[in-house]
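> Got a predicted structure here, sequence first:
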Amino acid sequence: STTCAKGTTGQRGPENPNLKMNTPSSSERLNEYTQVELPFIEQLKWLGWEHIEGDIDVPYLTERESFRDVLLKDRLRDAIRRINLDEGGEPWLDEGRIHEAVDQLERLGAHKLMEANERATELMLEGVPVEAAEERFAGRERTVHFIDYAHPERNDLLVINQFRVDVPGGQTFIIPDIVLFVNGIPIGVVECKSPKITDPLDEAIDQLLRYSNQRDWIDGDEGAERLFHYNQVMIGTYAYQAVAATVGAQLEHFLEWKDTSPVPMSEVAAELGVESLTSQQTLIAGMLRKEHLIDLIRNFSVFKHESGKTTKILAHYQQFRAVHAALRRLTRGQTRREHGESDQRGGVVWHTQGSGKSLTMVFLVRKMRMLPDLRRFKVVVVTDRIDLQKQLGDTAALAGETVRDRKSTRLNSSHTDISRMPSSA
């Protein structure tokens with residue numbers, strides 16, 4: 001059988017079946033597995049993730065017919081059947097319509113990575129239309145969803161380590177250390193490195209870029225882009241420092257997730273039986289807890305189109321924390337009468353220059369639209385600079401919001417109304 005170093009690209013073929021690239025020593029591989037990869041998986045299992053041990057020789061052991069496949073189709077079909085219910089709470093999809101929905105998710109019709117990722121993300125957020133059964137729904141078109149955002153507990157979370165994917169052409173393959181699946185869809189890739197090697201974080205990020213064909217200075221395919229068509233997060237870690245970004249990011253865009261909010265860090269540390277959390281433990285608890293991950297996918301990423309280039313933006317932990325703090329005030333804050341002194345339904349979120357305040361506002365509005373008690377409200381943004389007003393308007397439009405500018409007749413200021421687009425209501 002073909003052998004391949006952990007987390008490296010393998011070569012197979014009659015001339016050189018066992019070529020290894022950038023092969024770490026056996027002690028480095030052991031440290032990587034015992035100190036980084038295995039603790040990563042164990043913490044995910046503690047959070048309720050299922051785990052399957054990867055296999056680089058037999059595809060069906062990772063629920064696939066071929067190593068070219070990246071979707072776990074049986075698991076995806078089961079999830080589609082389970083989470084799409086009629087008004088009576090009963091499954092309504094037959095096998096033919098489930099097959100049609102999976103086929104739409106698999107055939108994205110895009111050739112470039114970012115285009116495919118944007119299309120796949122759109123389908124994962126909005127679902128796909130299928131013609132409903134005549135006898136049950138009078139043949140009306142209905143939407144099939146791939147992820148249940150309203151009920152995160154209904155989704156199936158799976159982690160597979162050492163997940164082989166064949167590179168186009170069939171002569172090489174990649175083996176990411178960890179791949180994260182929601183309902184059989186590969187939404188995350190994790191690259192682990194031994195703490196004992198030089199520049200482990202740079203090595204992990206470089207490997208992620210290689211796997212996703214994002215090293216622009218390299219000609220030809222060296223990775224398997226289709227694994228990243230559905231990607232929502234890429235993570236590099238050597239335990240003591242773990243960083244995350246998304247498709248299109250380069251080295252400088254990978255940042256730590258430094259909080260477990262809205263779950264207190266002290267609570268997470270107590271549950272793990274440690275005095276303080278490592279960077280890796282914090283990132284897992286902050287980003288990959290089921291409710292947090294589903295929330296991040298649904299409400300905390302946007303695609304920005306500018307000068308012919310598309311950029312995908314994922315929220316930082318400060319924005320995620322601020323939005324949830326604001327929502328707690330809006331939904332649970334006491335009125336002046338209840339509190340006795342002041343209205344507790346508002347507050348201030350401080351931002352430094354360039355820290356993404358307009359994106360924080362957009363993520364807050366998007367999250368509000370998901371909550372029945374808050375979705376009807378109009379949001380008014382008051383600014384004191386015309387350039388900031390334009391920036392806020394442009395950013396709000398990324399989240400599917402209608403933006404209307406208003407000029408003040410009494411003050412040297414302006415404000416922007418942000419309202420939900422009718423098509424997204």
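Perfect, I can see it now. The shown structure was predicted, so the numbers you read here are calculated from the model rather than taken from an experiment.

> okay, CA-based contacts and neighbour counts for the rest of this
Noted.

> Tell me who's in contact with the most centrally placed residue in the chain.
The C-alpha lying nearest the average C-alpha coordinate of the chain belongs to Q232 (Cα atoms, centre = their mean; 2.9 Å). By Cα atoms under 8 Å, 6 or more residues apart in numbering, the contact set of Q232 is 187-188, 246-247, 297.

> do that again at 7 Å, thanks
Contacts for Q232 (Cα atoms under 7 Å, 6 or more residues apart in numbering) come out as 187-188, 246, 297.

> quick one: the helices in the stretch 1-150 of the chain?
Secondary structure of the stretch 1-150 of the chain (DSSP state H, counting those that start in this stretch): helices located at 26-32, 38-46, 73-83, 95-106, 113-126, 134-137.

> May I see the contacts of Q232 organised as a markdown table, with pLDDT, secondary structure and neighbour count added?
Output for the contacts of Q232, formatted as a markdown table (pLDDT from 0 to 100; DSSP: H, G, I helix; E, B strand; the rest coil; neighbours: other Cα atoms under 10 Å):
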| residue | pLDDT | secondary structure | neighbour count |
| --- | --- | --- | --- |
| I187 | 98 | strand | 21 |
| G188 | 98 | strand | 21 |
| T246 | 96 | coil | 21 |
| I297 | 97 | helix | 20 |
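
> pLDDT of the one helix or strand L158 maps to, averaged?
Using DSSP states H and E, L158 maps to strand 157-161. Along strand 157-161, the predicted local confidence has a mean pLDDT of 98.

> Repeat that for stretch 361-379.
Summarised as a single mean, pLDDT over stretch 361-379 is 89.

> Kindly check the end-to-end length of that stretch for me.
Distance across stretch 361-379, first residue to last, is 10 Å (Cα to Cα, to the nearest Å).

> Buried residues, that stretch. List them.
Going by neighbour count (16 or more other Cα atoms under 10 Å), the buried part of stretch 361-379 is 361-369, 375.

> Looking at these, which is nearest A79?
K367 (24.1 Å; Cα to Cα).

> What is the neighbour count of the closest residue in space to K196 that isn't next to it in sequence?
Setting aside the residues directly before and after it, K196 is nearest to E28 in space (Cα to Cα, 6 or more residues apart in numbering), at 7.1 Å. Other residues near E28 number 16, with proximity taken as other Cα atoms under 10 Å.

> Against R75, how distant is E28?
For E28, the distance to R75 (Cα to Cα) stands at 34 Å.

> E37 too?
24 Å.

> So those two - more neighbours on which side?
Applying other Cα under 10 Å to E37 and R75 shows that E37 carries more neighbours, namely 24 against 18.

> my read: the more buried one touches E191, true?
No: at 8.5 Å, E37 does not count as touching E191 under the criterion of Cα atoms under 7 Å.

> Could you give the bridge partners of the residue lying closest to R82 once chain neighbours are set aside?
Nearest residue to R82 in three dimensions, chain neighbours excluded: P91, at 6.5 Å (Cα to Cα, 6+ apart). With DSSP bridges as the criterion, P91 is bridged to L85.

> List the contacts of P91.
81-82, 84-85.

> Show me what the following helix or strand past the strand holding L158 is in contact with.
For strand 157-161, the following helix or strand on the C-terminal side (DSSP H and E) is strand 165-166. For strand 165-166, contacts defined as Cα under 7 Å, 6+ apart pick out 67-68, 172-175, 224.

> And the residues you listed, which two are furthest apart?
Maximum pairwise distance among those (Cα to Cα): 12.2 Å, between R68 and I175.

> what about these two, which has more around it?
I175 (26 against 18).

> Next, give phi and psi for the more buried one.
Here is the backbone geometry of I175 (degrees, to the nearest 10): phi -140, psi 80.

> Quick one: mean pLDDT over the lengthiest helix in the chain.
If you go by DSSP state H, the chain has its longest helix at helix 317-332. The average pLDDT within helix 317-332 is 94.

> which residues of the chain score low on pLDDT?
For the chain, the stretches flagged by pLDDT under 70 are 1-25, 134-139, 387, 398-399, 407-425.

> swap the cut-off to 50 and go again
Low-confidence segments of the chain, defined by pLDDT under 50: 1-9, 11-21, 409, 411-412, 421-425.
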